[in-house]
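Peer 1: Below are the sequence and a predicted model for it; my questions follow.
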Amino acid sequence: MFRRAGERAPERLVPYDVDRPAVEAARRDPRDFEPLYRKYVGQVYSFAVYELHDHHAAEDLTEQVFLQALTALPRFEERGSGELSTFRVWLFQIARNALANERRGRQRHPQAPLDAALELHASGPDPATQSAERDALARAWRAIGRLPGDRRRALVLRFVEEMTTQEIAGVMGRSEGAVRVLIHRALRAVADELRRD
């Protein structure tokens, strides 16, 4: 569409971030950050557990993410259209960066988590069924764990955190099309590996 001389370009609409009132309240008074924390603590923790495979490390990382978010909240800018940035996307960007730092630290100082050993001794009502389900789930998670980092993260954000491709694109710093390709290739790779098993 052509504009006539003197006409201004139409303003881009920023989609309404459902967290905007809570963010504004927390900016005025940090004690009002609690509703945002309660709303997203489970999601951030879940994302960290799937990435780290260690509940204690995930708890520590979740705490770090929310402390960083509270500290950086005055600098948060909500954006729309091509580069979506809602509070949720921004929070998961902080989580993604914290996870990258955690992974680098683990590579320098590897540790064996105790949770894996404790899970071996857990018993349930139907050991045969529980064992088969645990085996199938473990095979699927091993296949997901062998995916390249971006493919694995895209799957976790889409199917565990139930984010839209637009939100995932904001978290990962990629286009929506690239995210769709990542998810498609990841699902195909996991399915192929499970078929081979």
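Peer 2: Great, that's in hand.
Peer 1: Tell me which helix or strand comes right after the least confident helix or strand in the chain by mean pLDDT.
Peer 2: For the chain, counting by mean pLDDT, DSSP states H and E, helix 114-120 ranks last in confidence among helices and strands (a mean of 49). Using DSSP states H and E, the helix or strand that directly follows helix 114-120 along the chain is helix 127-145.
Peer 1: Please parse the chain into its domains.
Peer 2: 18-109, 129-197 (automatic domain parsing).
Peer 1: Least confident of those, on average?
Peer 2: Ranked by mean pLDDT, the domains of the chain end with domain 129-197 at the bottom, a mean of 85.
Peer 1: Measure how far that domain is from the centre of its chain, please.
Peer 2: Offset of domain 129-197 from its chain centre (Cα atoms, centre = their mean, to the nearest Å): 12 Å.
Peer 1: One more: stretch 16-34?
Peer 2: Taking Cα atoms, centre = their mean, the mean C-alpha location of stretch 16-34 is offset from the chain mean by 21 Å.
Peer 1: do the same with stretch 87-96
Peer 2: 8 Å.
Peer 1: and residue 182, what does it touch?
Peer 2: The contact partners of residue 182, by Cβ atoms under 8 Å, 6 or more residues apart in numbering, come to 150, 151, 154, 174. Backbone N, C-alpha and C define where each C-beta goes, glycine included.
Peer 1: Let's see that with 6 Å instead.
Peer 2: By Cβ atoms under 6 Å, 6 or more residues apart in numbering, residue 182 lies in contact with 150, 151, 154.
Peer 1: before we move on, what about residue 50?
Peer 2: 156, 160.
Peer 1: what about 10 Å?
Peer 2: 58, 99, 141, 144-145, 152-153, 155-157, 159-161 (Cβ atoms under 10 Å, 6 or more residues apart in numbering).
Peer 1: Which of those residues fall in helices?
Peer 2: Among the contacts of residue 50, DSSP state H puts 58, 99, 141, 144, 145, 152, 153, 155 in helices.
Peer 1: Work out for me the element the nearest residue to the second one once chain neighbours are set aside sits within.
Peer 2: Spelled out, that is residue 99. Excluding its sequence neighbours, the residue lying closest to residue 99 (Cβ to Cβ, 6 or more residues apart in numbering) is residue 51, at 5.0 Å. Per DSSP H and E: residue 51 is located in helix 34-52.
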